[in-house]
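J.: need a structure here:
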Amino acid sequence: MRGRRLGLALGALLLLATGGAVLVPLLRAATSGEPAVSSTAQLMACAQAPGDGYCERLAGDRAARGPLSSIDRDTGERYVERIREAFEAHLGAVCRAEFDACQFAEPPTVESLRAALVAAGLPGPVVRPVRYTDPAPLGATIYAVRAGAGCAVGWVEGGAGRAPQVVGRHRDGRCLPA
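T.: Take a look at the predicted model:
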């Protein structure tokens, strides 16, 4: 009888210790006020011109960026909406969220894209011709704005453009590679 009670007591103590080891970190994370970083897998489809290397650059760029919490991603999506509105209001674009694309009446220049983003009150936009390290097709114009803790990055080639994507910042804090 005494051995049975001792066994039950040890079992209860073991259960409490393991439960505490699991519950304490969970409770600490839930009450810290810090948003949890979401680790989601994203399927990426990519089409590129022969010899462009766009898909490899895009995959490498995504791997070099920090993760975003779901709150940061939601904040970034509000910036994406502001960018679409700026392109429609200042450049006559038609942006379709369901296609992740904007169609421009006239191909925008680096200067006109930057002016539209600044007019919309977006913080310090970077707009430039694509460099070989950028996550966009060669020959396009890439743009990026800080969007809360992340970035909104998109590109325009001719009269069409890829809608901005919400991504984490590079390790150096920038939205585009240096």
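J.: what about the strands in this protein?
T.: According to DSSP state E, the chain carries its strands in the segments 94-96, 101-103, 126-129, 141-147, 150-157, 160-167.
J.: identify the residues contacting residue 146.
T.: Listed by Cβ atoms under 8 Å, 6 or more residues apart in numbering, the contact partners of residue 146 are 123-124, 169, 175. C-beta: built from backbone N, CA, C; applies to glycine.
J.: what's the PyMOL line that selects buried ones from the residues you listed?
T.: For the buried members of the contacts of residue 146, the matching PyMOL selection, counting by 16 or more other Cβ atoms under 10 Å, is:
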select buried, resi 169+175
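J.: how about the nearest residue to residue 94, chain neighbours excluded?
T.: Nearest-residue entry for residue 94: residue 103, 5.0 Å, with adjacent residues in sequence omitted and distances by Cβ to Cβ, 6 or more residues apart in numbering.
J.: in contact with that neighbour, which residues?
T.: Contacts here follow Cβ under 8 Å, 6+ apart; on that basis residue 103 touches 93-95, 159-161.
J.: what is it paired to in the beta sheet?
T.: With DSSP bridges as the criterion, residue 103 is bridged to residue 94, residue 160.
J.: any idea how far residue 82 is from it?
T.: Residue 103 is 19 Å from residue 82, where distance means Cβ to Cβ, to the nearest Å.
J.: repeat that for residue 53.
T.: Computed as Cβ to Cβ, the residue 53 to residue 82 distance reads 31 Å.
J.: with neighbour numbers in mind, choose between the two.
T.: Just comparing residue 53 and residue 82: by other Cβ atoms under 10 Å the higher neighbour count belongs to residue 82, 18 against 14.
J.: quick one: low-confidence parts of this protein?
T.: Within the chain, the stretches falling below the threshold (pLDDT under 70) are 1-45, 48-49.
J.: what's around residue 130, how many residues?
T.: Applying other Cβ under 10 Å, we find 19 other residues in the vicinity of residue 130.
J.: cool, residue 151 as well?
T.: Using other Cβ under 10 Å, residue 151 has 25 neighbouring residues.
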